[in-house]
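Q: I'd like to go over a predicted model; first the sequence, then the structure.
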Amino acid sequence: MEDIINVLINNGLGFASFVALIYFYIYIMKDIKSTNEEILKTLITMQTALNLMNNRIERLENKTQ
């Protein structure tokens, strides 16, 4: 147990960097994942709307020809 404490004391900056990395991975990446999921939902909605508009335009163009 003393060896572990000595390693932590001697390598404080390295250990703090490791803890910061783990914090970033756990908390920040979770936020990024939820934001990406929201963006995906928005893109799917936009794609659906564009497809509907494209179909309407094609029908109107076919009526005028």
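A: That came through, no problem.

Q: what packs against the helix or strand bottoming out on mean pLDDT in the chain?
A: For the chain, counting by mean pLDDT, DSSP states H and E, helix 2-10 ranks last in confidence among helices and strands (a mean of 78). Of the remaining helices and strands, none touches helix 2-10 by 3 or more CB pairs under 8 Å, 6 or more residues apart in numbering; DSSP states H and E. Quick note: C-beta positions are derived from backbone N, CA and C, even for glycine.

Q: so how far is the lengthiest helix in the chain from its chain's centroid?
A: When the chain is parsed with DSSP state H, its longest helix is helix 29-64. Its chain's average C-alpha position is 19 Å from that of helix 29-64, according to CA atoms, centre = their mean, to the nearest Å.

Q: With stretch 13-25 instead?
A: A distance of 21 Å separates the centroid of the chain from that of stretch 13-25, by CA atoms, centre = their mean.

Q: next one: stretch 23-30
A: Centre-to-centre, stretch 23-30 and its host chain are 11 Å apart (CA atoms, centre = their mean).

Q: Give me the below-cutoff pLDDT ranges for the protein.
A: For the chain, the stretches flagged by pLDDT under 70 are 65.

Q: Output stretch 15-23 as PDB, restricted to C-alpha atoms.
A: Once non-C-alpha atoms are left out, stretch 15-23 reads as follows in PDB (Å, rounded to 0.1, in the frame of the first residue of the first chain):
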ATOM      1  CA  PHE A  15      -1.600  11.000 -12.100                       C
ATOM      2  CA  ALA A  16      -3.500  14.300 -12.200                       C
ATOM      3  CA  SER A  17      -3.300  14.300 -16.000                       C
ATOM      4  CA  PHE A  18      -4.700  10.700 -16.000                       C
ATOM      5  CA  VAL A  19      -7.600  11.700 -13.800                       C
ATOM      6  CA  ALA A  20      -8.300  14.700 -16.000                       C
ATOM      7  CA  LEU A  21      -8.400  12.400 -19.100                       C
ATOM      8  CA  ILE A  22     -10.700  10.000 -17.400                       C
ATOM      9  CA  TYR A  23     -13.000  12.900 -16.400                       C
END
